[in-house]
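Asker: I need the structure of the sequence given here:
(2 chains)
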Amino acid sequence: MKMSKLFVQTLREFPSDAEVISHKMLVRAGYIRKLTSGVYNYLPLMWRVLKKIENIVREEMDNAGAQELLMPFVQPKELWEESGRWEVYGKELMRLRDRHNREMCLGPTHEEIITSIARDGLKSYKQLPVNLYQIQSKFRDEVRPRFGLLRGREFIMKDAYSFDVSQEGLEKEYENMAQAYTRIFKRCGLNTKMVQSDSGAIGGSVSHEFMVITDTDAGENDVFYCDGCDYSANSNHAVSRLVDAKTAGDWTKSEIVDTPNTHSIEELCEFLNIPASLIVKTLVYIVDKKPVLALIRGDKQVEETKLLNAVGGVEIRIATPGEIEEMMELNGFEAEKGFIGPKGLNKYGEYEVTVIADETVKDLKNFVIGVNQKDKHGVGYNWDGDVQLPEIVTDIRLAEAGELCPQCGQPLKVTRGIEVGNIFQLGTKYSKPMNAVYLDQNGKTQPYVMGCYGIGISRTAAAAVEAHYDEHGIKWPLAIAPYHAVVIPVSTKDEQQMKTANDIYETLKKHGAEVVIDDRDERAGVKFKDADLIGFPYQIIVGKSIAEGNVEFKVREKDEKTAMKPEEAAEIVITAINAL
RNA sequence: CGGGAUGUAGCGCAGUUUGGUAGCGCACCUCGCUUGGGACGAGGGGGUCGCACGUUCGAAUCGUGUCAUCCCGACCA
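Answerer: Prediction:
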C-alpha cells in the first residue's frame, strides 16, 4: 500500500472531546471518527485492526469446536416477551417500530434469537452439544457513553452460545471456552486476568470476566486479587474475610440517647467516641420502585449489585432525601438522613419495605442503630431483644483492599481492569421460559443447558492501545497491527533511496507481509511522526546511509534504530510474521 | 434523570463583555524553496457562526426556545 493513497488523516493535536488514551490516539492517528455520541466510523486502518482481532477470535473459536453463523441485528419484540426480558431489560434496549407499528429492538445481545434457532434445529440429544457464535455489531443505548471505543453504544462483539444436555457438559464447555479466551487474548498481545464476576442482566449463576489490567481511568472495573493464590474477582462479586474489629459495645443496657447533628457515620463515631464497626447503618434503596432497607456495619459499604441480586431486582438506586422523608411520614416518624433504622419502617407507597442485612451485622453485640428519631440513636442494642434481625441475612458488602482473601487468608489487593471478555453459565434461564427443548435418551423432553461467551472486539482493540502506547503514539502488537511494517524513503527524489525502498517493499509483500511504503513527498520528520503515531510495529528507513549499503531498522515497541543491510531488515520482519 | 460547560472551515481555537462587511494556527490547492523528527515564503479554495423564533436600521454577539456534544454526579444515612 502506498502511503500517498492510504485513507488516513492524522491530526496535529488530540481531539478536545476525548478523555482516555485509546480514544485520543485512535482519533488523532486517523483510525476512527465519531459519528454521534457513542457511535464511531471505523476507518480503513481501524477496520484492518478489527479484522485481525476477529480472525484470531474465529480461528480459536473454530479450533475449540464452535461454528460461526450470523443473526439479524433487528429483533422482534415477541421473542423478548417469551424470555421475559422485554419488560425487564430497561432503557439500554433500543426499541423501535416498523411501518406496521410492530415493535422491534436493536440487538444488545442474542440469547433470545439463538435460543429460537436452537429449538428449531436441535431436537435430539444426539445433536448436542453445540456451540454457535457470531461476530456482529451490537447496540446498547448506554446511559452515558464515554471513553471512545471502550464504552460505545454501538460496538462489535463476538457472542457464542453453547447448548448441552447437562450441567457437567456445560461446565466442560465453559472450561473449553475459558482456555480459548486465554489463547485469544494472548495472541492479541494482551495480558488478561480471568476474574469471578456477577452475571448481571444476562442472568445465570457462574460467570467470569477477562480483564486487561490497567492503572488508568479507562479501567471501569475494580478487580480484587490475591498474590498468595489464584483468587481474583470483580468488585461486584468479590468476597473477603474481615480483619479484626471491635464488634461488641461497652453499654450494659439498651437505651435511646441524644446524638445531635450526627448525620454521618464519622460524626456519630466522634460524638459517641466509638469505632464505626459498632454501628448498624441503614441505607434506603429503591429497587424497581420498591423500597429496600440495607443494614450493614458502619465501617463497611454496600455493593449495589449484590444487594440487587439479593432482592432479585433489575434496577437499583439510593433513595432521594425526598423519598426518605415521604417514607418517614408514612410510617409515623420524623427523622432524616443519619437517624434511620429498620424498626417500624414497614411501608412506602403501595409497597412493603424489604429489609436485608449484611452478614457483618449479624454478630454485633451492644451496637448502635438509628431509631427514626431526629438527633437520637439507640445504643447498647441487641438483635431480637431491641430490634429484629431481618429474615434475609446475606453478603451485600463491597470488599476492600486489605481485607483477607477468602481462599488463603492473605490481604487482598485491588486494581482496575478493562473487561474485554466474559463467559457465563446460563443453565436453563432462557431454554425453560422459551420452551427450547430436546428429547433425551428416554424420549423425555428436556431444556438445553446453556452457556454464553462474549468478547468485545472493538473494546479489545481499544484496550490494546491502552496497554501499548507512548508519548509518540500507538505501539500495536504485531498480531493486530493494521500493517506489519512501513518502509520510509527519506527523500523521494533520491533515486537510490527510492529504488532500495521499493525493493524492500516488494520483497516484504512477496513474503506475505502487510506493508506500507511512505512515498509521500514530505519531509522526513512528517513521515517519522506519522509512522510512530499510527504505530507500525516495524519501520525500515532508507536514507543517506544507503550509500554504505545500510538502512535503519526500528522496532516501534523498543523505539530504537539499528543500522543494517536491507535484506537483514526484511528478514527480521518476515521471520516475525511467520512466527505469528 | 440532576448539575456544569461548550457549539464559529476537516481539526484546534479567538471574536460575543460594549451589536456595525467572519478571523487565526494546522490541514487542503498552486508556485518557489527545502528534505533525518510535524520547515519557510507568496498566492488561493473552503463557514447560511448548531437550529428556530424574537429585539434591532443592522445579530456570531442581546432575549426566548430547541437540538447536539462533553464533563461531573447518580450523594454510603
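Asker: which pLDDT value belongs to the residue in the stretch 401-550 of chain A positioned nearest to RNA strand B?
Answerer: When distances are taken as CB to the nearest atom of the strand, the stretch 401-550 of chain A reaches nearest to RNA strand B at A:Gly543, 1.6 Å away. Placement of C-beta: from N, CA and C, glycine included. The confidence metric pLDDT takes the value 95 at A:Gly543.
Asker: residues near it, how many?
Answerer: 18 (other CB atoms under 10 Å).
Asker: now do the contacts for the closest residue to it other than its chain neighbours.
Answerer: The shortest distance from A:Gly543 to any non-neighbouring residue, by CB to CB, 6 or more residues apart in numbering, is to A:Val490 (3.9 Å). Contacts for A:Val490 were tallied using CB atoms under 8 Å, 6 or more residues apart in numbering; they are A:Gln497, A:Ala524, A:Lys527, A:Ile541, A:Val542, A:Gly543, A:Lys544.
Asker: one step back: contacts only, for the residue of the stretch 401-550 of chain A closest to RNA strand B.
Answerer: A:Pro489, A:Val490, A:Ser491, A:Gln497, A:Ala524, A:Val551, A:Glu552.
Asker: can stretch A:45-65 be found next to RNA strand B?
Answerer: No. Stretch A:45-65 lies apart from RNA strand B when judged by CB under 7 Å from any atom of the strand; the minimum separation is 14.1 Å.
Asker: can you tell me the average pLDDT over that stretch?
Answerer: 97.
Asker: for that stretch, which positions count as buried?
Answerer: For stretch A:45-65, a neighbour-count test (16 or more other CB atoms under 10 Å) marks A:45-46, A:48-54, A:56-58, A:60-61, A:64 as buried.
Asker: ok, stretch A:322-342 next?
Answerer: A:Glu323, A:Ile324, A:Glu325, A:Met327, A:Met328, A:Phe333, A:Ala335, A:Gly338, A:Phe339, A:Ile340, A:Gly341, A:Pro342.
Asker: tell me which of those residues is nearest to RNA strand B?
Answerer: For the buried residues of stretch A:322-342, the residue nearest RNA strand B by CB to the nearest atom of the strand is A:Gly338; the value is 3.7 Å.
Asker: report the contact partners of the closest one.
Answerer: A:Thr262, A:His263, A:Ser264, A:Glu267, A:Leu268, A:Gly370.
Asker: find the nearest non-adjacent residue to the third one, please.
Answerer: Spelled out, that is A:Ser264. Looking at A:Ser264 with CB to CB, 6+ apart, the closest residue is A:Gly338, at 6.5 Å.
Asker: kindly report the same for the last one.
Answerer: Of all residues not flanking A:Gly370 in the chain, A:Gly341 sits nearest, at 3.6 Å (CB to CB, 6+ apart).
Asker: what about that neighbour, distance to A:Ala18?
Answerer: A:Gly341 is 47 Å from A:Ala18, where distance means CB to CB, to the nearest Å.
Asker: give me the nearest residue to A:Gln167, chain neighbours excluded.
Answerer: Closest to A:Gln167 by CB to CB, 6+ apart is A:Val449, at 5.8 Å.
Asker: pLDDT at that neighbour, what is it?
Answerer: So, for A:Val449, pLDDT stands at 96.
Asker: burial count for it?
Answerer: 23.
Asker: also A:Ser16?
Answerer: 6.
Asker: report the secondary structure state of A:Cys269.
Answerer: Counting by DSSP: H, G, I helix; E, B strand; the rest coil, the backbone at A:Cys269 sits in helix.
Asker: give me the neighbour count for it.
Answerer: A:Cys269, neighbours per other CB under 10 Å, totals 19.
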